[in-house]
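In: sequence plus the predicted model coming up.
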Amino acid sequence: MRTHSQNGAVEIYYETFGNAADPTLLLVNGLGSQCINFKEAFCEKFVAQGFHVVRFDNRDVGLSSHLADAPDYTLADMADDGFAVLDAVGAERAHIAGWSMGGMIVQTMALAHPERVLSMTSVMSSPGGVALAVDPEVSQRFNARAPKSRDEFIAQYIDGLSVWGSPAYQEVDRLTADAGAAYDRCFDPKGKARQMAAIVKSGSRQEALASLKVPALIVHGDADRLVPIEAGRLTHECIPGSRFEVVAGMGHDYPPQIWDTIVGLIVSQANHATRTKAPRLRLGASGPIKSALRPLVTTYQCWGASCRCAVASAGRRRGRW
């Protein structure tokens, strides 16, 4: 189903997959990313595990409202957009999972209304206010001027992922198709800039996350150069009782080759959080998702300040996420 929800004057476009009677899983995108980045086949993997899946366009991207003439906003406003979508689909409580900026949004949602969150998964994200090493190659591409044509957009998209994407999965044909579909659906670089301003304006959640009681899973790739793994480790350390999963070879993207791993992690977290009547892992066409997890994932568990997970040194020029 495809439709819009309303958060005040802001319209949020969303799509649903699966049976609305099943537990709802809300997928939240990253900076400048549209809901189609969560491919239909990816969403259907969760449906096969017994979830009602919702993907949506954040404000200022895709088919949601673009706010060129509106006041500035923060991640709290974007979190309210997410709750407006849950209201629209009739989900009083839901599992929520966000990637990159989407991870920041789901953290904000869990802090604002923990009673509505069954479990939270933050992928390749940060708790804000994190001092990290600045990779010159990453900085050059991330801060490049906005492309002026479809071909330039596609070239810039592929060039960026060549640096911060998963190194083993750089299929140019797939990336070209993805970039072209995104450009054709909506291209608004100023909207992406307004989202970036919302991240900066929102500041750190580190102190607030220390009191979070929502079951939390933190996932990060060990090949992520855009938001390095230190940010994921810190998110984990901030949240008492959180679970931290390191996905080998994953950069700042989620190519089809690692979908089963990501799906398995989120499903297992949701099952653990709900304990009863949760959808169990089932066999998919490509084999058991559970078996896909073991060779790729390293698990950590800690309790806030008592955690002693190793964090790599960041000794170069430092920036903040």
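Out: Thanks, I have the structure now.
In: ok, the residue lying closest to residue 153 once chain neighbours are set aside to residue 61 distance?
Out: Spatially, and ignoring its direct neighbours in sequence, residue 153 is nearest to residue 147 (4.1 Å; C-beta to C-beta, 6 or more residues apart in numbering). All C-beta atoms are positioned from the backbone trio N, CA, C, and that covers glycine. The gap separating residue 147 from residue 61 is 15 Å, by C-beta to C-beta, to the nearest Å.
In: go on, residue 174?
Out: 21 Å.
In: more neighbours: which of the two?
Out: Between residue 174 and residue 61, residue 61 has the larger neighbour count (other C-beta atoms under 10 Å), namely 28 against 12.
In: in contact with the more buried one, which residues?
Out: 29, 32, 33, 34, 186, 188, 191, 192, 195 (C-beta atoms under 8 Å, 6 or more residues apart in numbering).
In: and the nearest residue to the fifth one once chain neighbours are set aside, what's its pLDDT?
Out: In this structure, residue 186 finds its nearest non-sequential neighbour in residue 62, 5.0 Å apart by C-beta to C-beta, 6+ apart. On the pLDDT scale, residue 62 is placed at 98.
In: all helices of the stretch 101-250 of the chain, in order?
Out: Per DSSP state H, counting those that start in this stretch, the stretch 101-250 of the chain carries helices over the ranges 101-112, 136-142, 150-164, 172-185, 189-202, 206-209, 229-238.
In: if we can go back for a sec, for PyMOL, write the select line for the buried members of the contacts of residue 61.
Out: Buried residues within these, by 16 or more other C-beta atoms under 10 Å, are selected in PyMOL with:
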select buried, resi 29+32+33+34+186+191+192+195
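In: out of the contacts of residue 61, which comes closest to residue 130?
Out: Residue 130 has its nearest neighbour among these in residue 195, at 18.0 Å by C-beta to C-beta.
In: so what's the closest one up against?
Out: Contact partners of residue 195, counting by C-beta under 8 Å, 6+ apart, are 31, 32, 58, 59, 60, 61, 78, 101.
In: now do residue 114
Out: Listed by C-beta under 8 Å, 6+ apart, the contact partners of residue 114 are 212, 213, 214.
In: go on, residue 21?
Out: Listed by C-beta under 8 Å, 6+ apart, the contact partners of residue 21 are residue 52.
In: how much space between it and residue 15?
Out: Applying C-beta to C-beta to residue 21 and residue 15 gives a distance of 18 Å.
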